[in-house]
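[1] Take this sequence and fold it.
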Amino acid sequence: MQRGVDEPLVASSPFWALLALLRREPGMGWLPHGLGGCRGSRAAGGVEAGSREGAAGELHRVPEKHPLGPWPLKSLLLLEDSRDSHLWQVYYEGLKNFLAFREGMFLSAVWPIPVDQVREFLVVMESQDLPPTKIIMYMEGLSFISRMVDLPDPLQDPVICHMISRLKHRTGPSNDKYSPVTIEVLRSLLGTLESVCSCPYECILFRAMFTVAFFGALRIEEMVANHQNTALPELLYLSDLQLTEGSANLCLHTSHMGQERFLIQLRLSREMWVCPVEALRIYVAARPQGEGPLFVHSDGMAVTKREFLTVFRRALGLAGLPPNQYGVHSFWLGTVVTAVSHGYSHEAVNRIARWW
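    Below is the predicted model of the structure:
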């Protein structure tokens, strides 16, 4: 429980507990206190029991301009009645978890909530395997709270909208969890390739794809074609790769930062088994000659999304991991989660995830 929130208040009225938590935030001191002595409980008549004498002043119109209007406390009483107490409890838990996340990550306590903080909060909740419905409710709570105090809605950010949309798809019958591919999972995947792949070249190919997908935070459309003869504009080609003695540079086709193409720089790893630069060097030496998509089979045909997922899921199963809990975004998600857990700066996380 956060320090300073009254236990009886939390137990009887999560709405007023939420306000008590919010009131301690910077710039939120203007929020009215609950009616004195009643802990948010209502009498049958609709006015809080035992509160008329102690809070008569707060029920009256305030002379100065107030963000909640001339009758702030009455506005809050009506607002409390507008939603079920269970929903206020979820909103309260969401705010409490967000504030704990912010404190644990040593982030600035500012309102409006910075968009990058909400994005990182979303990624961390996903990495903790919280149910998608709960994550969505927490996000809706932060959205409602921001609008309640007349601040911008963080859920209007296009990237956050996309992330929540993806979560909503996962609340359907399939209930896929999309767990992140961590470095430990990557090591396990690479160890299965000789048993999963049909030939040595395929082992080399998918070792390069898995390591580059993780360390480069690549999206699926940048690595594979939808079908054999259908490639998205984002697909990487051999000419987009520059290999040097100690690094590999990938020049992406899409960027939200003007016309400049985004460059992903991969460095040599001390652990050669998972090194993306070494994996690319071996792969390029074995790859068929000629221009074309970066990742191709020995016959020069581009790897498709279906083929990638088939090898990925077989490798997961052989490694003793549940294939239905991983998806095409698991490598990207694993990179971002790893960056957040290692305390990377906001700027670094935004750059890795390509959140602009």
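[2] quick one, strands of the chain?
    In the chain, the strands defined using DSSP state E lie at 241-243, 247-251, 263-267.
[3] Looking at those, which one is packed in the most?
    Highest mean neighbour count of the strands of the chain: strand 247-251, a mean of 17 (counted as mean count of other CB atoms under 10 Å). To be clear about C-beta, it is placed using only N, CA and C from the backbone, and glycine gets the same treatment.
[4] and that strand with strand 263-267, angle?
    Relative orientation of strand 247-251 versus strand 263-267 (axes from the mean of the first three to the mean of the last three CA atoms, to 10 degrees): 160 degrees.
[5] in its sheet, what does strand 247-251 sit against?
    When pairs are called by DSSP bridges, strand 247-251 turns out to pair with strand 241-243 (antiparallel), strand 263-267 (antiparallel).
[6] what is the mean pLDDT for the last one?
    What it means is strand 263-267. When pLDDT is averaged over strand 263-267, the result is 89.
[7] Show me the contact partners of it.
    Outside of strand 263-267, the residues within contact range by CB atoms under 8 Å, 6 or more residues apart in numbering are 212, 215-218, 246-252, 276-277, 280.
[8] Quick check: which of the strands paired with strand 247-251 is nearest to residue 139?
    Proximity to residue 139 (CB to CB) singles out strand 263-267 among these, at 28.8 Å.
[9] Now do the same contact list for the most centrally placed residue in the chain.
    Residue closest to the average C-alpha location in the chain (CA atoms, centre = their mean): residue 123, at 2.6 Å. Residues near residue 123 by CB under 8 Å, 6+ apart: 333, 336-337, 340, 353.
[10] change it to 7 Å
    For residue 123, the contacting residues are 336-337, 340, by CB atoms under 7 Å, 6 or more residues apart in numbering.
[11] In TSV, list the strands of the chain along with distance to residue 182.
    What follows is those, written out as TSV (distance: least, CB to CB, whole Å):
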stretch	distance to residue 182
strand 241-243	25
strand 247-251	22
strand 263-267	18
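[12] Which one of the ones you listed lies nearest to residue 95?
    Comparing these by CB to CB, strand 263-267 comes nearest, at 35.8 Å.
[13] Hmm, residue 269 is touching residue 275, no?
    Yes: the criterion here is CB atoms under 7 Å, and residue 269 meets it with residue 275 at 3.8 Å.
[14] Look at these two and report which has more neighbours.
    Per other CB atoms under 10 Å, whichever of residue 269 and residue 275 has more neighbours is residue 275, with 19 against 15.
[15] thinking again about what came up before, mutual contacts of residue 269 and residue 275, please.
    Common contacts of residue 269 and residue 275 (CB under 7 Å, 6+ apart): none found.
[16] how close does residue 77 sit to residue 344?
    Residue 77 sits at a distance of 44 Å from residue 344 (criterion: CB to CB, to the nearest Å).
[17] Neighbour count: the two, which is higher?
    The neighbour comparison of residue 77 against residue 344 (other CB under 10 Å) goes to residue 77, with 21 against 16.
[18] I would like the residues contacting stretch 102-121, please.
    Residues contacting stretch 102-121 (CB under 7 Å, 6+ apart): 25-28, 98, 101, 142, 146, 151-152, 154, 157, 159-160, 340, 346, 349-350, 355.
[19] Which ones among those residues map onto helices?
    Mapping the contacts of stretch 102-121 onto helices (DSSP state H) picks out 98, 101, 142, 146, 159-160, 340, 346, 349-350.
[20] Among the residues you listed, which one sits closest to residue 233?
    Using CB to CB, the ones in helices among the contacts of stretch 102-121 come closest to residue 233 at residue 159, 19.4 Å.
[21] Now tell me which of the ones in helices among the contacts of stretch 102-121 the prediction trusts least.
    Here the lowest pLDDT out of those sits on residue 346, with 70.
[22] Run a quick neighbour tally on it.
    Residue 346: 17 surrounding residues under other CB under 10 Å.
[23] With residue 129 instead?
    Burial of residue 129 is recorded as 11 neighbouring residues (other CB under 10 Å).
[24] Distance check, it against residue 333.
    Plainly put, residue 129 is 12 Å away from residue 333 if you go by CB to CB.
[25] Any chance of CSV for the strands paired with strand 247-251, columns distance to residue 315?
    CSV is the format used below for the strands paired with strand 247-251 (distance: least, CB to CB, whole Å):
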stretch, distance to residue 315
strand 241-243, 24
strand 263-267, 21
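[26] Looking at those, which is nearest to residue 81?
    The minimum distance between residue 81 and those falls on strand 263-267, with 52.0 Å, by CB to CB.
[27] now residue 211, nearest residue through space, not along the chain?
    Among residues not flanking residue 211 along the chain, residue 276 sits closest, at 4.1 Å (CB to CB, 6 or more residues apart in numbering).
[28] Burial check on the nearest residue to residue 93 once chain neighbours are set aside, number of neighbours?
    Nearest-residue entry for residue 93: residue 138, 7.3 Å, with adjacent residues in sequence omitted and distances by CB to CB, 6+ apart. Residue 138: 22 surrounding residues under other CB under 10 Å.
[29] If anything else comes up later, I'll come back, but that's it for now.
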